[in-house]
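Participant: 3D model of this:
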Amino acid sequence: MRDNEVLGQLVRFGIAGGITTALYTIVYSPLAAHRITSEQVANLIGYLVAMASGYVIHSRWSFRGHGADARQTTIRFFLVSLVSYALNSLWVWVLTGDAMLAGPWWWPLLPVLFVTPLIIFALNRLWVFA
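Facilitator: Predicted structure coming up:
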């Protein structure tokens, strides 16, 4: 039973995370690709959009009925979202920064899509909505 609960949350988190990651990508990509702003500023703007939508989707759907009260989860969600922002900023800095790999604007999207979500799921499951 417990395994099914975790699997269900993982599937819902994947869908919700896909939506919020798509929103991040929709915001980040044109800003960075067309050099409207730096990759880091595009990352910050994408993060803000994803964080706001992510809280609503995850608290009401992904982890609904899974524990802590709303005030506690709001604070914890915000702290975990800062971890997400820090990770994504790291990917942007390492992969596109002139002092690092100096790759194209889209390189950070790979770890943003495949690494950050796994870490954030674990933090949300074990701490935010526990």
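Participant: Going by C-alpha atoms from here, please, whenever you check contacts or count neighbours.
Facilitator: Noted.
Participant: Backbone torsions only: list them for the residue most central in space within the chain.
Facilitator: Most central in the chain under Cα atoms, centre = their mean is Ser84, positioned 5.2 Å from the mean C-alpha point. For Ser84, the backbone dihedrals (degrees, to the nearest 10) come out as phi -60, psi -50.
Participant: Please give me every residue in contact with it.
Facilitator: Ser84 makes contact with Thr116, Ile120, according to Cα atoms under 8 Å, 6 or more residues apart in numbering.
Participant: Leu90 versus that one, what's the distance?
Facilitator: For Ser84, the distance to Leu90 equals 10 Å [Cα to Cα, to the nearest Å].
Participant: Tell me how far the residue nearest to the centre of the chain lies from Arg35.
Facilitator: 23 Å.
Participant: got a list of contacts for stretch 15-32?
Facilitator: Under Cα under 8 Å, 6+ apart, the answer for stretch 15-32 is 36-39, 42-43, 45-47, 49-51, 53-54, 57-58, 62, 105-106, 109, 112-113, 117.
Participant: All the helices of this protein, residue numbers only.
Facilitator: 2-33, 39-57, 70-96, 109-114, 116-123 (DSSP state H).
Participant: tell me how far the second one is from the chain's mean position?
Facilitator: Looking back up the chat, that one is helix 39-57. Counting by Cα atoms, centre = their mean, to the nearest Å, helix 39-57 is centred 8 Å from the centre of its parent chain.
Participant: For that helix, the averaged confidence score.
Facilitator: The pLDDT scores in helix 39-57 average 93.
Participant: how many other residues sit next to Phe13?
Facilitator: 24 (other Cα atoms under 10 Å).
Participant: which one is it nearest to, not counting chain neighbours?
Facilitator: Nearest non-adjacent residue to Phe13, counting by Cα to Cα, 6 or more residues apart in numbering: Ser62, 5.1 Å away.
Participant: quick one, what contacts the one you found?
Facilitator: Gln9, Leu10, Arg12, Phe13, Ala16.
Participant: Could you rerun that using 6 Å?
Facilitator: By Cα atoms under 6 Å, 6 or more residues apart in numbering, the contact list for Ser62 reads Gln9, Arg12, Phe13.
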